[in-house]
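# Sequence and predicted structure are below.
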Amino acid sequence: MNIVVCIKRTPDTETKIRLGDDGKSIDPGGVKYIISPYDEFAIEAALQVTEEGDGGEVTLVSLGGDDTPETLRQGLAMGAHKAVHLKGDADLDGLATARALQAELETMDVPLVLFGMKSADVDQQQVGPMVATLMDRPCATGVSEFEVGDGVVTCQREVEGGTEVLELDLPAVVTMTKGKVEPRYASLKGIMAAKRKPMEEKEAQTGEPRLTVRKLAYPPERPEGRVVGEGPEAVPELVRLLREEAKAL
Amino acid sequence: MGDVLAIVEQREGKLRGVSGEVVSAAGKLASGLGGSLRALLVGGPGAGEAAGDLGRFGAETIRVAESEDLAAYNPQGYARVVADEIRSGDFAGVLFAATSQGKDLAPRVAALLDVPLASDVTELEVEEGTVVAVRPVYSGKAFATVEFGDSPALVSIRPNVFAAQEKAGAGTVETFQPEGVDPGSWSVRLKEFKAAAGETKDVAEAPVVVSGGRGMKGPENWNLLEDLQTALGSDAALGASRAVVDAGWRPHAEQVGQTGKTVAPKLYFALGISGAIQHLAGMRTAQTIVAVNKDPDAPIFQVADYGIVGDLFEVVPRLTEAVRELKEGD
């Protein structure tokens, strides 16, 4: 089965974020960029389907700026077969991103489109279900595992207090969270092979974003940390402070 | 014109705890915009019985869409009902809870209506008659102030951040049968719900979180945290650091931080958690943070309001005992 995985280039989660001079974006200097971790779960899931089933190809699609091909190559090195770079940037506007992806996906005939549940940068958790709705396809979000059956995909979705088992008719859209399997590392052979894999470049049709950042700020400062004491002897004082000062107990 | 709609959730006919927060936040927005406040609940027959309770948070009109086929959440079924309700009014804002249901539903509604959505919002203001939202980005390492270029502004709010405020007066409940509910046309179906063991609150919604890290040394020691959780009462949930989830000691559902859940409880216990940057991002908006760690240089102490340097296997049982005594004294 052919599968499309939509991925995004985001700062490494270990990266310290510094604000840029424009007050609206981050300073990219010194930031290491990676495939958003949730998107790696999606790539891994897609590769496993094509490896275990009747074959098929995994196509990566990514909307982003000029550095995006580097990120797509990382996904190709994991084992994806080809990539499409949609040149553009919709920043925070999930619907504008979704429209650009929809335009591309409609030119492809794929039964399954995977996303990461959220991106590690803007963290909106929107684009997958928006694409599905625009394309009138079923979607399951936050899926830890799925199984492709006859004309359907059965998904395990983590929700508060348990797991939902959802059955989606194909063609379908699934957004992935962390499951039992860890995304594979690219092998040296994979990295070499990725250089020769096809990558298309197209202008993205994002339109005018309608959700825009006016200001970016550091999180509110927390008061300086305070050590109450050492060992179990400090517990009574901790409990007193929690009750009387923090009013948390 | 400046009306606001609050989308509230039920599960098995009971209102979700976060509903009061959504209605209160929507009410504040409505008064800022000079409009009225409506709430919408979608559920099965009899869902309206629980809905009257929303009046005490200031909902003037409480609309209840009742249908046998909508007793459990269905993305396609619910999205249509919510989108129709929004079209029926002249709303400047629509608020969802950023729960697993709200995060699934809101993007679909936004796509159906072709309006922008800001997710997981932690502050809402009205400026010059329009809605402005603040939301964490980079998993809480920065906060973005965002503007909406279209109306209504769709927003999902992070649980535990907005206060549920009771007001005098009661709302009017209007129960109706939504049109166009056609399960035969749905291409996504709920086959089964597997409840997690125990009836504990989800870590993303609980007001109190007891989290364990690698310092716990192994999954067999979690009874220590469960005892503290029990002593703290039914509001407390268990959390975990990425390291212990990766090691397979705890389920991913409990993971706090980037690639896990972002939490904002009133009280957060970080026990044997050193405080990697990804973990701090996921819990730094907690109101009060308590840390127990044997390494005095652990980064967690920089954000902990109250820290104890010591062996958690000695400190935590003592803490549990003290909390238990305190609660018994209440």
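Received, thanks. Residues are numbered from 1 along each chain as shown, chains lettered A, B, ... in the order given.

# Mind listing what's buried along the top strand by length along chain A?
Secondary structure of chain A per DSSP state E: the longest strand is strand A:139-148. Of the residues in strand A:139-148, those with enough neighbours to count as buried (16 or more other C-beta atoms under 10 Å in any protein chain shown) are A:Cys139, A:Ala140, A:Thr141, A:Gly142, A:Val143, A:Ser144, A:Glu145, A:Phe146, A:Val148. All C-beta spots, glycine's among them, are computed from the backbone N, C-alpha and C.

# can you give me the helices in the stretch 51-200 of chain B?
B:75-87, B:100-113 (DSSP state H, counting those that start in this stretch).

# swap that for chain A, sorry
With DSSP state H as the criterion, chain A has helices at A:37-52, A:68-78, A:94-105, A:127-134, A:188-194, A:235-240.

# buried ones in the first one?
I take that to be helix A:37-52. By 16+ other C-beta under 10 Å, the buried positions in helix A:37-52 come out as A:37-47, A:49-50.

# So which of the helices of the stretch 51-200 of chain B is the most surrounded?
Taking mean count of other C-beta atoms under 10 Å in any protein chain shown as the contact definition, the stretch among these with the greatest mean neighbour count is helix B:100-113, which reaches a mean of 25.

# Pull the residues that contact that helix.
When contacts are taken as C-beta atoms under 8 Å, 6 or more residues apart in numbering or on different chains, the neighbours of helix B:100-113 outside the stretch itself are A:94-95, A:98, A:125-130, A:132-134, A:139, A:141-142, A:157-160, B:7, B:9, B:73, B:75-76, B:78-80, B:82-83, B:86-87, B:94, B:96, B:116-117, B:119-120, B:152, B:154, B:156.

# Out of those residues, which end up buried?
Applying the neighbour count, that is 16+ other C-beta under 10 Å, the buried entries in the contacts of helix B:100-113 are A:94-95, A:98, A:125-130, A:132-134, A:139, A:141-142, A:157-160, B:7, B:9, B:73, B:75-76, B:78-80, B:82-83, B:86, B:94, B:96, B:116-117, B:119-120, B:152, B:154, B:156.

# Which parts of chain A are strands?
Listed in chain order, the strands of chain A (DSSP E) span A:3-7, A:9-11, A:33-35, A:58-64, A:82-87, A:112-116, A:139-148, A:152-159, A:162-169, A:172-176, A:199-203, A:211-217, A:227-230.

# Kindly reformat these as a markdown table containing mean pLDDT and distance to chain B.
Putting the strands of chain A into a markdown table (pLDDT from 0 to 100; distance: least, C-beta to the nearest C-beta, whole Å) gives the following:
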| stretch | mean pLDDT | distance to chain B |
| --- | --- | --- |
| strand A:3-7 | 98 | 14 |
| strand A:9-11 | 95 | 7 |
| strand A:33-35 | 96 | 12 |
| strand A:58-64 | 98 | 16 |
| strand A:82-87 | 98 | 18 |
| strand A:112-116 | 98 | 10 |
| strand A:139-148 | 96 | 5 |
| strand A:152-159 | 95 | 4 |
| strand A:162-169 | 95 | 4 |
| strand A:172-176 | 98 | 7 |
| strand A:199-203 | 97 | 22 |
| strand A:211-217 | 95 | 4 |
| strand A:227-230 | 95 | 4 |
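
# closest one to B:Ala50 among these?
The closest approach between B:Ala50 and any of those, judged by C-beta to C-beta, belongs to strand A:152-159 at 19.4 Å.

# Noted, bye for now.
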